[in-house]
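Asker: Here is a sequence together with a model predicted from it:
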Amino acid sequence: MEPSTNDKTKLCRFLCYGSEEDTYTPREDFQPRAANAVALLSLLQDGRGCEVVEEAKRFAEGGRGGADPDPDPCLFALALCSQHSELRTRQAAFKALKEVCREPRHLFAFVQYKKELQEGMKCGMWGRALRKAVSDWYNGQDALSLAAAKIDSAVKTPVFLPCVRKKGEIMQPSTRRLQQTTLKCPGR
């Protein structure tokens, strides 16, 4: 008979690779759902939300074997904690944003998870606590590092520009490099 796995172990699995199951299934895109985080929800209901936040911080900082951690499961856990009814859990989740969100895209992912969790609720998403947490995150960043992150994400993003006709030719920019190739315009 298989020993039962406690909620804390399942939470660690979820934070590590986005699933509470005991087998790892590689995924290209992490799509978190509350249904995949039953142990996390159970810990929140038991009043252990601050413990969940501390584990999320630990895993986001690389506390799982030294590999470069994927922050998405941790960000999803923080988004869930930030919407919990217990005030201490919400405060801890918003305070942890500074440590877990190392790049702007992490902050954007957190806000997106909150938005997805907010669907079906009648209240607004951008309350005072979230506005303050986002403001504190931006105010705590160096302007040059934010600009470098923006430039880095722009370089990694494929560029799709419209084709431009120029004297019987169609200029098409490459999506891999910003190098133009010339094609003959059909019918000319």
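Answerer: It's in.

Asker: what is the mean pLDDT for stretch 62-82?
Answerer: Stretch 62-82 shows a mean pLDDT of 78.

Asker: Equivalent analysis for stretch 109-123, please.
Answerer: Average pLDDT, stretch 109-123: 83.

Asker: Extract the CA atoms of that stretch and return them as CSV.
Answerer: Presented in CSV, the C-alpha positions along stretch 109-123 are these (Å, rounded to 0.1, in the frame of the first residue of the first chain):
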residue,chain,number,x,y,z
ALA,A,109,2.4,37.0,-15.3
PHE,A,110,1.4,37.5,-11.7
VAL,A,111,-1.1,40.2,-12.7
GLN,A,112,-2.4,37.9,-15.5
TYR,A,113,-3.0,35.0,-13.0
LYS,A,114,-4.8,37.3,-10.7
LYS,A,115,-7.0,38.5,-13.6
GLU,A,116,-7.8,34.9,-14.6
LEU,A,117,-8.6,34.0,-11.0
GLN,A,118,-10.8,37.1,-10.7
GLU,A,119,-13.2,36.0,-13.4
GLY,A,120,-16.6,35.3,-12.0
MET,A,121,-16.0,37.6,-9.0
LYS,A,122,-18.0,40.8,-8.8
CYS,A,123,-15.3,43.0,-7.3
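
Asker: in this structure, which segments are predicted with low confidence?
Answerer: Applying pLDDT under 70 to the chain flags residues 1-4, 25-30, 63-69, 120-123, 150-188.

Asker: 50 instead, please
Answerer: 1-3, 66, 157, 159-164, 170, 172-185, 188 (pLDDT under 50).

Asker: Can you show me the helices along it?
Answerer: 7-17, 38-45, 49-60, 72-81, 87-100, 104-118, 128-139, 143-156 (DSSP state H).

Asker: could I get those helices as TSV with mean neighbour count and distance to residue 24?
Answerer: (C-beta placed from N, C-alpha, C; glycine too.) Shown next, in TSV, are the helices of the chain (neighbours: other CB atoms under 10 Å; distance: least, CB to CB, whole Å):
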stretch	mean neighbour count	distance to residue 24
helix 7-17	20	6
helix 38-45	18	17
helix 49-60	22	15
helix 72-81	25	13
helix 87-100	18	22
helix 104-118	17	21
helix 128-139	14	31
helix 143-156	10	26
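
Asker: now those helices in a markdown table, with distance to residue 31?
Answerer: Shown next, in a markdown table, are those (distance: least, CB to CB, whole Å):
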| stretch | distance to residue 31 |
| --- | --- |
| helix 7-17 | 13 |
| helix 38-45 | 16 |
| helix 49-60 | 18 |
| helix 72-81 | 9 |
| helix 87-100 | 19 |
| helix 104-118 | 10 |
| helix 128-139 | 22 |
| helix 143-156 | 21 |
